[in-house]
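Visitor: Next one to model:
(one chain, ligands or ions: 1)
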Amino acid sequence: MNKPWLRTILIPAFCLTAGFLSAAETNAPAFHPGAPWLATDGVHIDAHGGAILYENKTFYWFGELQNGGRRRLPAVSVYTSTDLYHWTNGGAVLTRSTDSNSEFRAGCIVERPKVLHNPKTGKYVMWFHLELAGRGYNAARVAVAVSDTVIGPYRYVNSFRPNGNMSRDMNLYLDDDGKAYEIYAANDNYDMRICQLSDDFLSATTNDVMIASDHREGPAPFKYHGRYYLITSACTGFAPNAANYYTADNIMGPWTAHPNPCVGPKADTTFDGQSTAVLPVPGKPGAFIFMADRWVPRDLKNSGHIWLPIQIKGDQLTITWQNQWDLSWFDKNAR
Ligand code: GAL
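Guide: The predicted structure is shown next:
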């Protein structure tokens, strides 16, 4: 072929078609689990132990804001995105009180914030794990904050132990029928419980049962084809451990335990991560993203984010390690 111009066109076209160029090489957006994930401000995303609220075609990623130390005033951050790959830092949406008499003052620990929108009151309601200043992890309470707008600022309301139970690692789940639930580690983390929220999402009802007494944390719930799934971690602090998961046909149980769904290098330590949430991908039924934190205890703000696709076959969940992937994974893999 003595036509260099034709070679210039044909060879790259062939490579692209044949999939010879990886997503990174073509600059197509992709997820890189565990790698530094820079927001549009050029700084690693500081939203840990968090979860994502999707509304008006925008993703709102709420999480622990660790920059400046985990006991300073800014407590919860939000990042926004329209494509899940590129994130803009929206700053602190919940800030600890400067009032030394407040239980929500500087010095308290804020972990695993989650936000739901309440359609009846119009409010955005945040629940999070609160430990009181100077008391280590002994308070074991859940706290509530509210806002009129999704990006805050959120106003601290109160904290409590649901039905008298300790509440540490937690998540919220909003079901299709509008009922919301807190899933929480109680009884010094030996019991995973689920408690229905009041209609305004501001308090716990007495509809509160045990999921399992297996000493688990990091609850990450989702629902597919009418079945409830709950991925959890074991309890080893910031050190990673093996995940497991539970399934149930009724959200109040009974729940059945299943072994570790992770596959690939470091599957027995959840790829050196700990579950925080599962995100249903809008517009892709059956597509769910597993979200985990790769904790760096001495530098929490730089803890990594591990996002991986979940494969569901019958009752079986599989989370397979990928160095890099993108949302088209869900179109190529059976759900
Ligand atoms: C983990 C928990 C984290 C944090 C950490 C502190 O077990 O999941 O949210 O509380 O312990 O050591």
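Visitor: quick one, phi psi at whatever residue of the chain ends up closest to the ligand?
Guide: Of all residues in the chain, residue 237 sits closest to the ligand, at 3.6 Å by C-beta to the nearest ligand atom. C-betas here are computed from N, CA, C, even on glycine. Backbone torsions of residue 237, given as degrees, to the nearest 10, read phi 60, psi -140.
Visitor: Please apply the same query to residue 269.
Guide: The phi/psi pair for residue 269 (degrees, to the nearest 10) is phi -120, psi 30.
Visitor: helices or strands next to the helix or strand containing residue 228 in the packing?
Guide: Applying DSSP states H and E as the criterion places residue 228 in strand 227-234. Helices and strands touching strand 227-234, by 3 or more C-beta pairs under 8 Å, 6 or more residues apart in numbering; DSSP states H and E, are strand 216-224, strand 244-248, strand 274-280.
Visitor: any chance of the ones you listed in JSON lines, with mean pLDDT and distance to the ligand too?
Guide: Listed next are the helices and strands packed on strand 227-234 as JSON lines, based on pLDDT from 0 to 100; distance: least, C-beta to the nearest ligand atom, whole Å:
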{"stretch": "strand 216-224", "mean pLDDT": "98", "distance to the ligand": "4"}
{"stretch": "strand 244-248", "mean pLDDT": "98", "distance to the ligand": "14"}
{"stretch": "strand 274-280", "mean pLDDT": "98", "distance to the ligand": "6"}
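Visitor: Now mean neighbour count too, for the ones you listed, in TSV please.
Guide: Shown next, in TSV, are the helices and strands packed on strand 227-234 (neighbours: other C-beta atoms under 10 Å):
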stretch	mean neighbour count
strand 216-224	23
strand 244-248	21
strand 274-280	25
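Visitor: can you list the residues of the stretch 1-150 of the chain near the ligand?
Guide: 49, 111, 112 (C-beta under 6 Å from any ligand atom).
Visitor: The last one touches residue 276, doesn't it?
Guide: When you say that, I think you mean residue 112. Yes: in this structure residue 112 lies within contact range of residue 276 using C-beta atoms under 8 Å: 6.9 Å.
Visitor: Which neighbours do those two have in common?
Guide: Counting by C-beta atoms under 8 Å, 6 or more residues apart in numbering, the shared contacts of residue 112 and residue 276 are 49, 50.
Visitor: what helix or strand does residue 75 sit in?
Guide: Under the assignment here (DSSP H and E), residue 75 is part of strand 74-81.
Visitor: With residue 153 instead?
Guide: With DSSP H and E as the test, residue 153 turns up in no helix or strand.
Visitor: That one: what's it in contact with?
Guide: Counted by C-beta under 8 Å, 6+ apart, residue 153 has contacts 92, 93, 94, 95, 147.
Visitor: Repeat that for residue 280.
Guide: Contacts of residue 280 (C-beta under 8 Å, 6+ apart): 222, 287, 288.
Visitor: That one bridge partners, please.
Guide: residue 288 (DSSP bridges).
Visitor: can you tell me how far it sits from residue 289?
Guide: 8 Å (C-beta to C-beta, to the nearest Å).
Visitor: same check, this time on residue 119
Guide: In this view, residue 119 and residue 289 are 25 Å apart by C-beta to C-beta.
Visitor: So, low pLDDT: which residues of the stretch 1-150 of the chain?
Guide: Within the stretch 1-150 of the chain, the segments meeting pLDDT under 70 span 1-26.
Visitor: Could I get the full set of helices for it?
Guide: 4-17 (DSSP state H, counting those that start in this stretch).
Visitor: can you confirm residue 242 is in a helix?
Guide: No: per DSSP: H, G, I helix; E, B strand; the rest coil, residue 242 lies outside any helix segment and is coil.
Visitor: And for residue 285, the neighbour number?
Guide: 11 (other C-beta atoms under 10 Å).
Visitor: To clarify, my last question referred to residue 130.
Guide: 26.
Visitor: Excluding chain neighbours, what is closest to it?
Guide: In space, and not counting its chain neighbours, residue 130 is closest to residue 143: 3.9 Å by C-beta to C-beta, 6 or more residues apart in numbering.
Visitor: Now do the contacts for the one you found.
Guide: Residue 143 makes contact with 104, 110, 127, 128, 129, 130, 156, 157, 158, 159, according to C-beta under 8 Å, 6+ apart.
Visitor: which non-adjacent residue is nearest the fourth one?
Guide: With sequence-adjacent residues excluded and distances taken as C-beta to C-beta, 6+ apart, residue 128 is closest to residue 113, at 4.0 Å.
Visitor: wait, what's in contact with the one you found?
Guide: Per C-beta under 8 Å, 6+ apart, neighbours of residue 113: 49, 50, 51, 62, 63, 64, 75, 76, 94, 126, 127, 128.
Visitor: And the second one, how far from residue 285?
Guide: Meaning residue 50. Residue 50 is 24 Å from residue 285, by C-beta to C-beta.
Visitor: Kindly report the same for the first one.
Guide: Relative to residue 285, residue 49 is positioned 27 Å away (criterion: C-beta to C-beta).
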